[in-house]
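Engineer: Just the structure for this:
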Amino acid sequence: MDRAELAAVLRTARARVTPADVGLPTGARRQVPGLRREEVAQLAGLGVDYVTRLEQGRGPKPSVQVLTALARALRLSDDDRDTLFRLAGAPPPHDGRVPMLVRPSVLRLLDRMADLPALVLSAKSDVLAWNPLAAALLGDLSEWPPTRRNLIWQRFLGPTPNPDAESAADCVGCLRTAHARYPGDPDLARLVTELRTGSPAFDRLWRAARSGRLRSGSVTVQHHELGTLTLDCDILAVPEDDQFVLVYSAAPGTRTASALELLRVTGLERFTHSQ
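Structural biologist: Okay, the predicted model is just below:
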C-alpha cells in the first residue's frame, strides 16, 4: 500500500468533482475547490475522520468495499479506479461483478438533463448517480447509506415498503436476471440474502423463479411537501456497462408538471433549509 500516493490521488480526485456533479446543493462561501471531505464521506457512506486520515496518508488499508465506494463517490474512470485499488494494495475489480462505475459520457448526459429528474441504476438497481432535480424529487440520496442506496432494497425493506404493487414482481425478476448474469458477485449475493431473510413478500416472489427487466411506465412518488406525484418513467439502456438511466417527466398542464417546475426553481436547498 502506497499511502502517500493514495492520499494524493484522493485529494486530487476530490478537487475535480463539484457538488452539482453528484447532485448536491452548491451552497455559498465554499472555501475549497470541488467537494468537501464531509461530502465525500457522505456519498461513500464513510466517517469523515476516516476519509481525512486516508487523505493525510495515515489511514489503515481500505477494504474493497471502501475503495469501490470512494471510486463511485469521486466519479473515477475505470483506469483511475484501477490505480486507486493498486495504490491501496488491492487487485482491481475483475469481470463477473456488477459494473458499479458510471462512464463520464453518461455523467455528462445526466448533467445536461437539467429540467428533468434522472438517475443511473446498476444491473442490481443500485443508484449510482443522480442529478440535482432527482434529489429534489426523491430526497437527498447521498443521505442513504451506500448499502441502502438500492431501489429494490428500499421497496421491500425501506422506511415505506411497497411490496404489493403490480410492478414488484418485475423488480424481483430484474434482480433474478442480474443474479443469473453475475453469479459470483458477493455484494449481489448479500443483497439477495438480506431481502429474502427480511421480506416474506420478496422471498415469495423470488421463489417463483421468474426473470424480468426494467420497464418504462408510470410511477408514483410521495414528496414530503408536494404530496403524491404521478410521473412517466422512461428507461435508457447503457448496454456496455449493463446500466440504466431513468428519466422522470410529466405531461404538460398536469399538477405533477407544475410540481416539477416548482422543483426546478427551488431545488433541494428550499426543502433542506425548511427542516
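Engineer: From here on, just use CA atoms for contacts and neighbour counts.
Structural biologist: OK.
Engineer: end to end, how far does stretch 221-228 reach?
Structural biologist: End-to-end distance for stretch 221-228, by C-alpha to C-alpha, to the nearest Å: 6 Å.
Engineer: average pLDDT for it?
Structural biologist: For stretch 221-228, the mean pLDDT works out to 82.
Engineer: what's the spacing between that stretch and its chain's center?
Structural biologist: 21 Å (C-alpha atoms, centre = their mean, to the nearest Å).
Engineer: Show me what it is in contact with.
Structural biologist: 137-138, 220, 229-231, 259 (C-alpha atoms under 8 Å, 6 or more residues apart in numbering).
Engineer: What about these, which are in strands?
Structural biologist: 220, 229-231 (DSSP state E).
Engineer: for the stretch 101-250 of the chain, what are the low-confidence residue spans?
Structural biologist: Within the stretch 101-250 of the chain, the ranges that satisfy pLDDT under 70 run 163-166.
Engineer: ok, which stretches of it are helices?
Structural biologist: 104-112, 132-138, 151-157, 168-181, 186-198, 200-207 (DSSP state H, counting those that start in this stretch).
Engineer: and the last one, what does it pack onto?
Structural biologist: Secondary-structure packing of helix 200-207 (3 or more C-alpha pairs under 8 Å, 6 or more residues apart in numbering; DSSP states H and E): helix 168-181, helix 186-198.
Engineer: Hmm, Ala118 and Phe244 touching each other?
Structural biologist: No - at 10.3 Å, Phe244 does not count as touching Ala118 under the criterion of C-alpha atoms under 8 Å.
Engineer: which residues does Pro60 contact?
Structural biologist: Neighbouring residues of Pro60 by C-alpha under 8 Å, 6+ apart: Leu54.
Engineer: Just to be sure, it is in a helix?
Structural biologist: No - counting by DSSP: H, G, I helix; E, B strand; the rest coil, Pro60 falls outside a helix, being coil.
Engineer: How about the backbone phi and psi for it?
Structural biologist: The phi and psi torsions at Pro60 (degrees, to the nearest 10) take the values phi -70, psi 170.
Engineer: rewinding a little: the more surrounded of Phe244 and Ala118?
Structural biologist: Per other C-alpha atoms under 10 Å, whichever of Phe244 and Ala118 has more neighbours is Ala118, with 26 against 22.
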